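# all I have is the shape, not the residue letters:
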DNA sequence: ATTTTGTTCAACCATATGGTTGATTATAGT
DNA sequence: ACTATAATCAACCATATGGTTGAACAAAAT
């Protein structure tokens, strides 16, 4: 329940706070890729993409296997489970507010129906 | 399935990538607080804490109600649901790898048992 | 042996971030 | 009217971030 490894979560959240890196994760989820393949879709130098990769690696979200001169990258999704865990605590709060939203919508709907009924009668 | 509002997620993840801000959220989850109360537990100036709050607000994670000279802050957990949604896509991957981990541990265990048996015999 | 390929490294740049302090503003209390 | 309180704002500082380019390095291909 207590936050045990804040630095670690820092790294993970920071890594996720960039659209390029999130897109890289998405692509890695469809299968391992070499660094240059991973970098190719982005309007950015290879060195730039390589830096992003390092951020993902440092966060533990990507694993790299060096094979000769090519580096194979793979998604390490297990670390995302930590985010999920962190988030779990808050689930009740947003479901509560979503419930409230739902209730409000329902009430609105009822009110609308009532108005309709009045109009009909 | 596609990432519709990357900037928004950027703001949320960035806001979460700091232990002070995560702690603020945690405290807000136990009830609304005035800015100065929120700031008090941290070894930091009020202005510093106020900046953190602004980051949380910009991310939509905190709502503020100004009442006279005091500002009341409340958790806006609904935005965390977006993180949850983003995360949902990856759930299968980490449960897969956790399964793999489990299998590996089991195999290790079996191997250990086999060794023990050998040693016993 | 030379060249090409895959990748990182180092240096640099502009901007963002996390913090400070001192001034400012607006409301509340005396 | 004065003073104290709640909070932001503005200016500043050090460091981090996201990007670039050019050089370096190791492995493959010719």
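Good, I have the coordinates. Not measured: the values here are computed from a predicted model. Numbering: from 1, shown residues only, chains lettered A, B, ... in the order given.

# got a list of what the most centrally placed residue in chain A touches?
Closest to where the C-alpha atoms of chain A average out (CA atoms, centre = their mean) is residue A:16, at 6.4 Å. Applying CB atoms under 8 Å, 6 or more residues apart in numbering or on different chains, we find residue A:16 in contact with A:22, A:25, A:59, A:61, A:83, B:9, B:13. Using the backbone N, CA and C atoms, a C-beta is placed for each residue, glycine as well.

# A helix includes residue A:64, no?
No: under DSSP: H, G, I helix; E, B strand; the rest coil, residue A:64 falls outside any helix and is assigned strand.

# and the gap between it and residue A:71?
Distance, residue A:64 to residue A:71, using CB to CB, to the nearest Å: 5 Å.

# what does chain A put close to DNA strand C?
By CB under 7 Å from any atom of the strand, the residues of chain A that approach DNA strand C are A:34-37, A:46-47, A:50, A:53-54, A:64, A:69-72.

# which of the residues you listed are buried, as a PyMOL select command?
In PyMOL, this line selects whichever of the residues of chain A next to DNA strand C come out buried by 16 or more other CB atoms under 10 Å in any protein chain shown:
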select buried, chain A and resi 35+53+64+71
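
# which ones among the residues of chain A next to DNA strand C lie within helices?
Among those, the members found in helices (DSSP state H) are A:35, A:36, A:37, A:46, A:47, A:50, A:53, A:54.

# may I see the buried residues of stretch A:78-95?
Within stretch A:78-95, the residues scored as buried using 16+ other CB under 10 Å are A:78, A:79, A:80, A:81, A:82, A:83, A:84, A:86, A:87, A:90, A:93, A:94.

# next: stretch A:24-41.
So, applying 16+ other CB under 10 Å, buried residues of stretch A:24-41: A:24, A:25, A:27, A:28, A:33, A:35, A:38, A:39.

# returning to what we had before: narrow the contacts of residue A:16 to those in helices?
Short answer: the contacts of residue A:16 in helices (DSSP H) are A:22, A:25, A:83, B:9, B:13.

# which one among the residues you listed gets closest to DNA strand C?
Each of those was checked against DNA strand C using CB to the nearest atom of the strand; the closest is residue B:13, at 10.7 Å.

# OK, contacts around that closest one?
Listed by CB under 8 Å, 6+ apart, the contact set of residue B:13 reads A:13, A:14, A:16, A:17, B:83.

# tell me which two in those are the farthest apart.
Spatially, the most separated pair among the contacts of residue B:13 is A:14 and B:83, at 13.9 Å (CB to CB).

# run a quick neighbour tally on residue A:61.
25 (other CB atoms under 10 Å in any protein chain shown).

# got the phi/psi numbers for it?
phi -90, psi -10 (degrees, to the nearest 10).

# TSV for the ones in helices among the residues of chain A next to DNA strand C, including pLDDT?
Output for those, formatted as TSV (pLDDT from 0 to 100):
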residue	pLDDT
A:35	98
A:36	97
A:37	97
A:46	98
A:47	98
A:50	98
A:53	98
A:54	98
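
# up against DNA strand D, what does chain A have?
Taking CB under 7 Å from any atom of the strand as the contact definition, chain A meets DNA strand D at A:14, A:17-18, A:20, A:43-45, A:47-48, A:51-52, A:55, A:67-69.

# looking at residue A:40 now. What's its pLDDT?
Residue A:40 is assigned a predicted lDDT (pLDDT) of 96.

# any low-confidence regions in chain A?
By pLDDT under 70, the low-scoring segments of chain A are A:1-6, A:97-121.
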